[in-house]
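**Student:** have a look at this prediction, sequence included:
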Amino acid sequence: MSEPEQTPAENINKEELTPQKQRQLYKEVGQKTQQVGDTWYPISAKWYKSWIEYTAYNKKDEDIEEGLENLHMRDVPRPGPIDNSELASQDDSLQLKKELEEHLTHVWLHSAHWNLLHSWYGGGPEFPRKVYERGTTYTREKYIAMYPKFLKLAEVNPNGTYDTTKPQIQSFQEHQTLQDVITFLEGGTEDSEAPSVHLWVSFEHIKKIYPVTTKRATVTMDDLKDEDPNRYVEIPDDHLKTSLNDVMLPKDVVLLVEKKIDWSKQTENNNEEEKKFPWPLVKGPEKWKQFQVGDIVDGQDDQRKWYEGYVRYVGKEGTEHAGKLVVHFIGWDSKWDEWISIGEYERLAMRHTHTKGKPYRPQPQKKTTYSSFSSASSSWYGYSHDEGTPEQKGVVGLRNLGNTCFMNSTIQCLAQSPYLTEYFLKGDFIHHINHKNPLGWKGKVAQAWAQLLQDMFSNKYKVIAPREFKTAIGEVAPRFMGYSQQDSQELLSFLLDGLHEDLNQVQEKPATEAVESNGRPDEVVAAEAWRTYLKRNISAIVDLLQGQYKSRVECPDCGRVSITFDPYMFLSVPLPTERYKMLEFTWVGDPNAPPTVYGVKMLKVADVAMLKSAIAKQFKIDKDSLYVCDVWKSKIHHELKGRDMIAEINRRNDDIIVFYAPKPEIPNETISGEDKEKNKNKEKDKSEEAADSDENGTSSKAGASDQKGPLFNVFVVLCQTRIQARGGYHRDEDEQIGMPLLVTFPLDKPVSHKEAIERIFNLVKPYLTDKEKWGLGKDQKLPFTCFATYGFSSVLQLEDKDDPLPLKERHFKFNLHFPDRSEYNEEICLREKRLRHESAPAPLNSSSYLDDEDRASGKPVELGACVDAFTEEEILDENDAWYCSKCSDFKCAKKKMDLWSAPDLLIIHLKRFSYTRQWRDRINTLVKFPLEGLDMSPWIVCDEYKRDAVYDLYGISNHMGGMGGGHYTAYAKNLYNGRWYHLDDSRTSEVRNPDMMISSAAYVLYYKRRKPRELKHRPSKVIIPAIDSIKVTKTPEKSESENPTVDQE
């Protein structure tokens, strides 16, 4: 929307602007509503009120007591210059204060109204703000972005020079990304094929992206200490997805805007050599091998494929890495980074030499909605704590540093652990740091955790940025160094192990042997196993968080029984769910039968290769002649390949068709003996390969392939008819009907038009309404015309002749045009009317199907049922086979797990995720768990430990959303007032109804024993005051208690 002209007001002398005239001109602009893209300004409510009074703007003309013509005669002073100083942030002159309240501190004015007032009165400061839109598809709302992100931008001249002293200032939304900035600078287009803008930033403010720790390469911040902090480097494309909020550049930093030179507009330069380098800051051929950290290059990986990449590190002279550099391939995980030495510099080339100027660019950011549960992602950030007194000691928000909600959730729960947290807050842990333990981290993990707790319970901060803690964890556990989403339970496991080893009081660990029962009583074996464990492990973590379980394994052949006792840090329990999936598919493989629906029971973790094997066994055919496809609107939407997971098939949405397209007979004389063996091996592996796909999703590679190419190919056959065009157009159009089909033709010998028509007719014959009416005889004809199409425009009509089809040169698609639609029996192809085999599951619209769906979605289960599932006897599969020393072989043995003892702090991990090599699934079953009074005695097999085995909940780590894009939050019971709080990154709120915390999002449960064990039962003999000396009763009404509350009996 264009803004109105302001010239009328500007042409009026300010001295002539009576209140009557101002009133008139202001009203002429009219009422304004917020429109996306418009600019609005905040104005001091105090100043605006004075202008309203001066002009009597809120009164009707007839209501002005003195009369409109005498308005200027009133004893109401003319306002001075606009004074917005009280709205401005003290830290940033471009930003507004955070604690503003509309109508009380300020009023929003459309730019047309603001421009009038400012032209009359001057003053300021000005805070222009844009209008945006947010919400879901159905509930959209416009809003003014009060706190935009301001960037200072300096454009690079074509000769490579630039001036950062007079940058342009441009505002963006905080959630927008660097890619959005580039899109804006490119003129609003999102053409990733031809980027015309690069952004550069000083090295000091991007250096955090260069350190890496992988098996292939390691770069530390110390390695980069000699780099010039003021040198500008280009922001790599795989960091353009970083949100501006996460970039957190200091307000005085200037970004360079490098625009691609349009040489057609550069009339003064006729140097043809220079025109080869359209980017002003890109090094020419004489300098590009003078590598520096941050240089963008074309790099060749160890598979000899070229990618755009950037230099992470250049080895310094006199070091072991002299003459080497680390290259990161843009768009790929850091684990593929490589060291490249001088002798391999042929693997490096000037940018766009091999990548054709089409770098990796992240997709435009999707609009954020509350239902997406996506955590902010970033790998380049900077944050600080927000000072202020929290609503309750220990209730603080944790800032999301970029996909760190999983870490925040774990921290919030563990921080409210009774006994353990006080051990760190009082500093007792310092005396137990083990600097000699080779399995520990010299106290780094323990000290980082203690410092974080000190900040959280200091009563000084409302929000904390756990940056130092994350850095410390990342340094000792590289998998947590980056900013990809991680698993909160995996972090918890590492953190507890790390704390234990840092605080392990065993200075020299002796060698020990596993303890087996050998027929002795369980009590004797368990005690011996625990004493053996304590020879190497004594810490407060062992005291409070470790229990012992019993494992019984029995060989199915010799009957040997092995009983062992091992420690556990937390209890990982499965959710009782159906392991199998009934897969419905339509079989198109019998030339004499219509499409028929079958069912096959498969493990949920099975893939399509396993499905093919099962179907091939059922029909006694070759699995390599099977093609599993998803059909939509009578066309093949896509082919499912060998490693695709069947668990990802949605029966309600996916129409799975299994085609049987047997290989054509290949004359033996055309294949040599050596090629036969090659072909045999390649056919065996074909179903496991990710074959190329044509536009209909079917394999364009088939058969064995030697150096001369494939021996046969699979072609798609589509049926269609002519219908009247939709939308009232005066032309007809084609519509796909019925069932797509697959046909194979040999490529080593010619196939004539006549032969192709005959094969295709035999395929289609079962779908004709009158099969006897049509044929290939002299006095018969076909109900369709056959066309072989290639690409978008090449069309070849098949005729009754012996001319060969160019099948080897063209991967045709055969379209059968039916002039009379009634000649094709569409009804037998309709999904709801297809013939159903007895093995087929219940139809989609049946009550039986709905019952199956209820069972599949998982009805609520009790937590006890999950523990039951953990203790159930199972038969180990081949992947987890047990080695029987008596049989000297691996066996699929019977195994049973039982709890022998339970710790004071019992952490229960609900195993919601299933994993395979390519697929992860989340189980959304609701688990009902008690908030108080969890009695673990039914599952503890040792009578001594059954006593006092009652637990109360104090923390819940939640996971919501899908895999990869999920979000973590927490519920935690505060140590000081005993109340529950919801903790979602930086947001905190008290829970009014604790029962609502029981949801399908619950992932890790934190329980405390009501009556903790006494000192004599703790091997470390660490006195924990909350247990051993302080007797405190539960006092939820005292919110400022100095000591944690502990429930005692």
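**Tutor:** Looks like it came in fine.
**Student:** look up how far residue 773 lies from the closest residue to residue 739 other than its chain neighbours.
**Tutor:** Distances taken as Cβ to Cβ, 6 or more residues apart in numbering place residue 829 nearest to residue 739, at 4.5 Å, with adjacent residues excluded. Heads up, the C-betas are built off the backbone N, CA and C, glycines and all. Distance check for residue 829 against residue 773: by Cβ to Cβ, to the nearest Å, it reads 19 Å.
**Student:** before we move on, back to that, from what I can see the residue nearest to residue 739 touches residue 588, true?
**Tutor:** No: counting by Cβ atoms under 8 Å, residue 829 stays clear of residue 588, with 9.7 Å between them.
**Student:** need the overlap of contacts for the two.
**Tutor:** By Cβ atoms under 8 Å, 6 or more residues apart in numbering, residue 829 and residue 588 have these common neighbours: 595, 739.
**Student:** okay, these two: which has more neighbours?
**Tutor:** residue 588 (25 against 21; other Cβ atoms under 10 Å).
**Student:** skip the chain neighbours and tell me the closest residue to residue 354.
**Tutor:** Nearest residue to residue 354 in three dimensions, chain neighbours excluded: residue 306, at 3.8 Å (Cβ to Cβ, 6+ apart).
**Student:** that neighbour against residue 299, yeah?
**Tutor:** Yes: at 7.1 Å, residue 306 counts as touching residue 299 under the criterion of Cβ under 8 Å.
**Student:** now do the shared contacts for these two.
**Tutor:** With Cβ under 8 Å, 6+ apart, residue 306 and residue 299 have common neighbours residue 349.
**Student:** which one's more surrounded, those two?
**Tutor:** Each of residue 306 and residue 299 has its neighbours counted (other Cβ under 10 Å); residue 299 has more, 26 against 17.
**Student:** distance check, that one against residue 218.
**Tutor:** Distance of residue 299 to residue 218, given as Cβ to Cβ: 18 Å.
**Student:** check residue 526 too.
**Tutor:** Distance from residue 526 to residue 218, by Cβ to Cβ: 43 Å.
**Student:** those two - which one has more neighbours?
**Tutor:** Between residue 526 and residue 218, counting by other Cβ under 10 Å, residue 526 is the more crowded of the two (24 against 15).
**Student:** can you point out the helix or strand that includes that one?
**Tutor:** Element membership for residue 526 (DSSP states H and E) is helix 522-534.
**Student:** list the buried residues in that helix.
**Tutor:** 522, 525-526, 529-530, 532-533 (16 or more other Cβ atoms under 10 Å).
**Student:** and these as a markdown table, adding distance to residue 868 and pLDDT?
**Tutor:** Below are the buried residues of helix 522-534 laid out as a markdown table (distance: Cβ to Cβ, whole Å; pLDDT from 0 to 100):
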| residue | distance to residue 868 | pLDDT |
| --- | --- | --- |
| 522 | 20 | 88 |
| 525 | 24 | 90 |
| 526 | 22 | 90 |
| 529 | 25 | 91 |
| 530 | 25 | 90 |
| 532 | 30 | 90 |
| 533 | 27 | 90 |
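**Student:** out of those residues, who's nearest residue 943?
**Tutor:** Residue 943 lies nearest to residue 522 out of the buried residues of helix 522-534, by Cβ to Cβ, at 10.6 Å.
**Student:** now the helix or strand following the helix holding residue 526, how far from the centre of its chain.
**Tutor:** Once the chain leaves helix 522-534, the next helix or strand it forms, by DSSP H and E, is helix 540-545. Distance of helix 540-545 from its chain centroid, counting by Cα atoms, centre = their mean, to the nearest Å, is 34 Å.
**Student:** then stretch 884-898?
**Tutor:** 39 Å.
**Student:** ends of that stretch, what's the gap?
**Tutor:** 21 Å (Cα to Cα, to the nearest Å).
**Student:** let's have the buried residues of helix 522-534 in a markdown table, adding distance to residue 630.
**Tutor:** Output for the buried residues of helix 522-534, formatted as a markdown table (distance: Cβ to Cβ, whole Å):
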| residue | distance to residue 630 |
| --- | --- |
| 522 | 54 |
| 525 | 55 |
| 526 | 54 |
| 529 | 53 |
| 530 | 55 |
| 532 | 56 |
| 533 | 53 |
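**Student:** which residues of the stretch 701-850 of the chain fall in helices?
**Tutor:** 753-764, 847-857 (DSSP state H, counting those that start in this stretch).
**Student:** could you tell me the least trusted of those helices?
**Tutor:** In terms of average pLDDT, helix 847-857 trails the rest of these, at a mean of 46.
**Student:** just checking, what packs against the next helix or strand after that helix?
**Tutor:** Counting by DSSP H and E, the next helix or strand C-terminal to helix 847-857 is strand 861-862. Applying 3 or more Cβ pairs under 8 Å, 6 or more residues apart in numbering; DSSP states H and E, we find strand 861-862 packed against strand 927-928.
**Student:** now find how far off-centre the strand it packs on is within its chain.
**Tutor:** Relative to the centre of its chain, strand 927-928 is centred 26 Å away, using Cα atoms, centre = their mean.
**Student:** need the residues that contact it.
**Tutor:** For strand 927-928, contacts defined as Cβ under 8 Å, 6+ apart pick out 575, 860-863, 866, 910, 998, 1000, 1002.
**Student:** now with 7 Å, please.
**Tutor:** Counting by Cβ atoms under 7 Å, 6 or more residues apart in numbering, strand 927-928 makes contact with 575, 860-863, 866, 910, 998, 1002, all of which sit outside it.
**Student:** turn these into JSON lines, including pLDDT, neighbour count and distance to residue 641.
**Tutor:** Below are these laid out as JSON lines (pLDDT from 0 to 100; neighbours: other Cβ atoms under 10 Å; distance: Cβ to Cβ, whole Å):
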{"residue": "575", "pLDDT": "86", "neighbour count": "18", "distance to residue 641": "30"}
{"residue": "860", "pLDDT": "86", "neighbour count": "11", "distance to residue 641": "37"}
{"residue": "861", "pLDDT": "88", "neighbour count": "17", "distance to residue 641": "35"}
{"residue": "862", "pLDDT": "92", "neighbour count": "13", "distance to residue 641": "40"}
{"residue": "863", "pLDDT": "94", "neighbour count": "18", "distance to residue 641": "40"}
{"residue": "866", "pLDDT": "92", "neighbour count": "21", "distance to residue 641": "35"}
{"residue": "910", "pLDDT": "93", "neighbour count": "24", "distance to residue 641": "32"}
{"residue": "998", "pLDDT": "94", "neighbour count": "19", "distance to residue 641": "41"}
{"residue": "1002", "pLDDT": "93", "neighbour count": "21", "distance to residue 641": "36"}
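**Student:** out of the residues you listed, which is nearest to residue 230?
**Tutor:** Of all the contacts of strand 927-928, residue 230 sits closest to residue 1002, with 50.0 Å by Cβ to Cβ.
**Student:** for that closest one, give the beta-bridge partners.
**Tutor:** Taking DSSP bridges as the rule, residue 1002 bridges to residue 958.
**Student:** so who does the residue nearest to residue 128 when sequence neighbours are not counted touch?
**Tutor:** Closest residue to residue 128 apart from its sequence neighbours, by Cβ to Cβ, 6+ apart: residue 39 at 5.0 Å. Residue 39 makes contact with 111, 128-130 under the criterion Cβ under 7 Å, 6+ apart.
**Student:** repeat for residue 499
**Tutor:** 445-446, 449, 541.
**Student:** next, it: secondary structure please.
**Tutor:** Of the three states, residue 499 takes helix under DSSP: H, G, I helix; E, B strand; the rest coil.
**Student:** can I assume the residue nearest to residue 354 is in contact with residue 300?
**Tutor:** Yes: between residue 306 and residue 300 a contact is recorded at 5.3 Å, counting by Cβ atoms under 7 Å.
**Student:** got a pLDDT number for residue 711?
**Tutor:** pLDDT at residue 711 comes out at 76.
**Student:** should've said residue 232
**Tutor:** Looking at residue 232, its pLDDT is 93.
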